[in-house]
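Visitor: fold the following and give me the result.
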Amino acid sequence: MKKIILTTSIGLTTLCMINPAYAIDAKYRAKLERSGCTQVSEMQGCDINKSKAENAKAGFLNNTVINTNSYTGIWTAKNSNTGQTVAKIHVDHNQKVWVNGQEVKAKTSDGGLIFKQGFITFKLEGDPKHQNESVWHDSDAQTSGPILKTN
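Guide: So this is what the prediction gives:
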């Protein structure tokens, strides 16, 4: 009889330990869902009191969302020396790219979206935490500069 009670007791304890969802109350779970955070990303700085969009802008979303939508928007390539606009770049949700209204072929490589127009090579960084590292380089004029996401 002692063996049955002990086995049942151990089995129930193990079952409770396997399913950690019992430890999350409904309000906390709702905040996680609304914010797009996970318990792990919350420990890394994801704010459960913000919306999914706000947390995405800060770089806290699951990898599938970041990888598929991080380039989408309007970008502006600037000259480092003069501050003048070198190019206006548009990237749609399918990663089709237009530079100054002309469609160009793009490929993903080394964590970024890379494409060329003439002598200029553009690289957009995919990780929102590193988007300020997006750059262009003109191999003919030997000039370069930042690319900023404007939308």
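Visitor: surely Ala106 is in contact with Gln95?
Guide: Yes - in this structure, Ala106 is within contact of Gln95 by Cβ atoms under 8 Å, at 6.2 Å. In this view, the C-beta of every residue, glycine as well, is placed from N, C-alpha and C.
Visitor: any common contacting residues for these two?
Guide: Taking Cβ atoms under 8 Å, 6 or more residues apart in numbering as the contact rule, Ala106 and Gln95 both touch Leu113.
Visitor: so how many other residues sit close to Asn100?
Guide: 13 (other Cβ atoms under 10 Å).
Visitor: what about Ala106 and Gln95, which has more around it?
Guide: Neighbours per residue, other Cβ under 10 Å: of Ala106 and Gln95, the larger number sits with Ala106, 21 against 18.
Visitor: beta-bridge partners for the more buried one, please?
Guide: For Ala106, the beta-bridge partners are Phe115 (DSSP bridges).
Visitor: which SS class is Asn55?
Guide: Secondary structure assignment for Asn55 (DSSP: H, G, I helix; E, B strand; the rest coil): helix.
Visitor: quick one, strands of this protein?
Guide: Applying DSSP state E to the chain gives strands spanning 73-78, 85-91, 97-99, 102-104, 106-109, 112-117, 120-125, 135-138, 143-149.
Visitor: looking at the ones you listed, which one has the lowest mean pLDDT?
Guide: Of all these, the minimum mean pLDDT falls on strand 106-109 (a mean of 89).
Visitor: what packs against it?
Guide: Contacts defined by 3 or more Cβ pairs under 8 Å, 6 or more residues apart in numbering; DSSP states H and E place strand 106-109 against strand 112-117.
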